[in-house]
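Peer 1: I would like the atomic coordinates for the input below:
(chains A and B)
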Amino acid sequence: MSTATLPGPIPHDHDVGRINYLHSHRGVMSWVYTLDHKRIGIMYLAAVTASFLVGGVMALLIRAELIDPQLTMLPSNKVYNQLFTLHGAIMVFLFIIPSIPAALGNFFLPIMLGAKDVAFPRLNLASFYIYVVGAIFAVISIVLGSVDTGWTFYTPYSVDTQTSVVMMTMGAFILGFSSIFTGLNFIVTVHKLRAPGLTWFRMPLFVWALYATSIIQVLATPVLGITLLLLAIERVAHVGIFDPLMGGDPVLFQHFFWFYSHPAVYIMIVPGMGIISEIIPTFARKPIFGYRFIAFSSIAIALIGFLVWGHHMFTSGQSEIAVMIFSALTFLVSIPSAIKVFNWTATLYRGSIDLKTPMLYALSFIFLFTIGGLTGLFLGALATDIHLHDTYFIVAHFHYVMVGGTVMAFMGGLHYWWPKMTGRMYPELLGQITCGIVFLGFNMTFFTQFILGSQGMPRRYATYDEQFQPLHAFSSVGALVLGVGFAITTAYLLWSLWKGAKAPRNPWGSLSLEWQIETPPIHQNFLETPVIEGMPYDYGVETGGGH
Amino acid sequence: MEIAAARGRSIMDKTFFMPRQASTMAAAVDDVYYFVYWLSVFFFALIVGLMIFFVIRYRRRSPDDVTPKITHSYALEAFWSIIPLFLIILIFAWGFKVYLQLRVVPANAFEIHVTALKWQWQFTYPDGTVTIGELGVPVGRPVKLLMNSQDVIHSFYVPDMRVKQDVVPNRYTVAWFEATEVGDHRIYCAEYCGDGHSQMYGWVKVMPPDVFNDWVAAGGIEAGNLPPVEYGKLLFEKKTCIVCHSVDGTGNKQCPDLLGVFGHEVTLTDGSTVMADENYLRRSMMEPNADVVQGYRAEMPSFAGLLKDDQTTALIEYIKSLGASE
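Peer 2: Model prediction:
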């Protein structure tokens, strides 16, 4: 057993620290001014989920337009271009980057460390409000004449277009600070607030993943901030930085942009990998196989991930030498991810596997992330990347990693921790069926796009050649199935808040620390500081026969 | 899109994943593709197969199931770290080798200048012939493309040739291919460039060498004996006017709709009006930014030097015909 269970006496009303965090303080203002990491996590959860639903509706509009090769539903190409730009910008900056770290991470990181809160609770609340301000800028930019540059803001198009690029980039700039503050907070928390006995190699792998992610957030995000600031200066003050008409270099922008945005894809996926490393041991009742390899692979991804940005630019005209080096480094970064997949699969061996909804999402993750990772090999290989770059193959690969990976992990984590966070059980059978719908809809939508891209269908096209129509139409039907899946999930999770069965302390029989405390957790998480005596995944009995 | 309908190929012409192979490099690229493909199929089947097998074999039978405490095996983990390492070195080396062949232009290549602009491709031949949206090339001879953009970044992409290269302002980029079969092959713009991005297409027209020579000599277009209005309609598509101008009264493109414009007053950005007669239409093609219609941006490229006199006349006759039947 990792830790003794912590029953504790019945809370006294006069001691708010002992009351469940949802009831410890009352009224709207107690949420607005809260410094409780759990409440901040819940507010983030509401915000990122709302962003996800808005971005998702835009995706459905895009797919609806693409059922037909000609422009049919939308008034003009420009509106289509604005839609895919907003879909990308909202999903990346408002949903996927903060999704797991800021919502689930905020809630569980301190609890998993045996701490009362993060190291800087005020900074934590500030990062949430900075996120809100950034989101407001994004909304203003939509009202002012929505951006049509793609979420990548490539110059010189982004200098040239009449849409509200400055507002949107300012939004992303501000959101960057939110991300930096969260990362900084987590790094300090992990270093300083671990409970007695919680050595580095006893930390849950979700904490390792958040730690690796935080390093990237702190080191890479400032580069994005500077880049977007330079772009805004160029547009407003006409200083030639990226625009060739003013003596600038447009390809320089791509280097700056991807220097952040490639590490950023690891900001998006590594926390998801952390969740999978939590779910699989619990529902297979086995210690995670190769704890150290998985922990170090997160750090390896974080470090090598900084050196591969040029693989977004193999056709940009950069030198052949640079192209060669970036290709080699790109292949290297695939190894740590491969190790994780093998280790998760090995964890299942001789387990006692319970296919509850979180586990179904975790297995979906392995299935889909494996496809996402393997298709990365086609893009790391130079000869094939030239053909596949900027086609639907890229769109499919990216979505297999970001939706098949991160969103599946987010859904798995949401179901896994839902009882702990809300005190209510979600409907299990409905959850399992819906996971099947999401899995089916996702593959229909995006596997099709690998074929489209291989055949030469370029991305970001409002209209397209008729030969691609059958596959596009099939993909659109898949998107509808996927949308239905997410709609059902939203509905039953909200329903469960109101009518769901009361959740027990540890419904999954997990050994990790967050399941040993009250459900929902009390305001101060622990009545007394826990002492950690072992690994969080100490399942199973010694067989004596070695490994 | 009319062009696509008239000349598009059926999906049945294609192999399941990759488009047809129409250049000398296509087969080499596809070999890498299919090697990675089968390798991926193998590893996917291995991982997901094992996963499904374990899930079925080791499903939870009772809440009291006892499991063994297996924590790690450094030998096994080293094994499955090193095997992929060898495989990725192989894919890297192979991909790089073929990439170098894609990049090194053969010495005897025929050179054509490519200019990209919103939203058309212009091809300039050594004798000064300029074509728009149609890249005529001889079969069996390497063609070197020296490319430059007049505005934002575009990307020259011909799937059938496995060629893609960004086209950047203030800088030359180079691509090459050698066509292996006579016929038409789609050109796309692969780098997002604004409203007309998805219509910024063209065709590589591969011809036998003698036909190619005649084609260049004739200015890259066959008028035949078409009446001016129909020749104008053809030019309206070939010279890519259709990308930005609608002609059906919907006005849903980035430049003014031309239905019934002839013979009517047009309001310009400075508030003045001008009669849309033959000379106005001609001037709009040659100096498009002199008189910009109110509500639109000055972003049309000049066609001076790109249209012969009879072509200009034919286009004007076509535009005149647009309102006539109403």
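
Peer 1: hang on, B:Val114 packs against B:Gln120?
Peer 2: No. With contact defined as Cβ atoms under 8 Å, B:Val114 does not count as touching B:Gln120 (11.0 Å). All C-beta atoms are positioned from the backbone trio N, CA, C, and that covers glycine.

Peer 1: for A:Lys192, what are its contacts?
Peer 2: Contact analysis of A:Lys192 by Cβ atoms under 8 Å, 6 or more residues apart in numbering or on different chains lists A:Ala119.

Peer 1: cool, the one 4 residues further on as well?
Peer 2: Neighbour list for A:Pro196: A:114, A:529, A:531-532 [criterion: Cβ under 8 Å, 6+ apart].

Peer 1: so it, which of the three states?
Peer 2: Three-state assignment for A:Pro196 (DSSP: H, G, I helix; E, B strand; the rest coil): coil.

Peer 1: Quick check: phi and psi at it.
Peer 2: Reported as degrees, to the nearest 10, the phi and psi values for A:Pro196 are phi -60, psi 130.

Peer 1: Closest one to B:Val152 out of the contacts of A:Pro196, please.
Peer 2: Distance to B:Val152, by Cβ to Cβ, is smallest for A:Gly114 among the contacts of A:Pro196, at 54.0 Å.

Peer 1: shaky segments in chain A?
Peer 2: Along chain A, segments meeting pLDDT under 70 span A:1-14, A:544-547.

Peer 1: What residue in it comes nearest to chain B?
Peer 2: Among all residues of chain A, A:Gly456 sits closest to chain B, at 2.7 Å; criterion: Cβ to the nearest Cβ.

Peer 1: Do you have the strands of chain B handy? List them.
Peer 2: B:110-117, B:120-124, B:130-132, B:134-138, B:142-149, B:154-158, B:163-167, B:173-178, B:183-189, B:202-207, B:265-267, B:273-275 (DSSP state E).

Peer 1: I'd like the ones you listed as CSV, with distance to chain A and mean neighbour count appended.
Peer 2: Shown next, in CSV, are the strands of chain B (distance: least, Cβ to the nearest Cβ, whole Å; neighbours: other Cβ atoms under 10 Å in any protein chain shown):
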stretch, distance to chain A, mean neighbour count
strand B:110-117, 12, 20
strand B:120-124, 14, 21
strand B:130-132, 19, 20
strand B:134-138, 16, 22
strand B:142-149, 9, 21
strand B:154-158, 6, 27
strand B:163-167, 5, 26
strand B:173-178, 5, 21
strand B:183-189, 5, 22
strand B:202-207, 12, 22
strand B:265-267, 20, 12
strand B:273-275, 24, 12
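
Peer 1: show me the contacts for the residue of chain A closest to chain B.
Peer 2: A:387, A:391, B:19, B:157, B:159-160, B:186, B:188.

Peer 1: Just the C-alpha atoms of stretch A:209-219, please, in CSV.
Peer 2: This file holds the C-alpha atoms of stretch A:209-219, laid out as CSV (Å, rounded to 0.1, in the frame of the first residue of the first chain):
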residue,chain,number,x,y,z
ALA,A,209,4.2,14.7,-17.1
LEU,A,210,2.9,18.0,-15.7
TYR,A,211,6.4,18.8,-14.5
ALA,A,212,7.9,18.2,-18.0
THR,A,213,5.0,20.2,-19.6
SER,A,214,5.7,23.1,-17.2
ILE,A,215,9.3,23.3,-18.2
ILE,A,216,8.2,23.7,-21.8
GLN,A,217,5.6,26.2,-21.0
VAL,A,218,8.1,28.4,-19.1
LEU,A,219,10.9,28.2,-21.7
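
Peer 1: Pull the residues that contact that stretch.
Peer 2: Counting by Cβ under 8 Å, 6+ apart, A:101, A:105, A:109, A:179-180, A:182-184, A:186-187, A:190, A:263-264, A:266-267, A:270-271, A:273-275, A:277, A:298-299, A:301-302, A:305-306 sit against stretch A:209-219.

Peer 1: Likewise for stretch B:204-218?
Peer 2: Contacts for stretch B:204-218 (Cβ under 8 Å, 6+ apart): B:22, B:125, B:127, B:129, B:134-141, B:158, B:160-161, B:179, B:181-187.

Peer 1: gap between the two ends of that stretch?
Peer 2: Using Cα to Cα, to the nearest Å, one end of stretch B:204-218 lies 17 Å from the other.

Peer 1: and A:Pro530, how many residues sit next to it?
Peer 2: 24 (other Cβ atoms under 10 Å in any protein chain shown).

Peer 1: ok now do the residue nearest to it when sequence neighbours are not counted, which residues does it touch?
Peer 2: What sits nearest to A:Pro530 in space, not counting adjacent residues and going by Cβ to Cβ, 6 or more residues apart in numbering or on different chains, is A:Gly114, at 4.5 Å. Counting by Cβ under 8 Å, 6+ apart, A:Gly114 makes contact with A:194-196, A:198, A:513, A:526, A:529-530, A:532.
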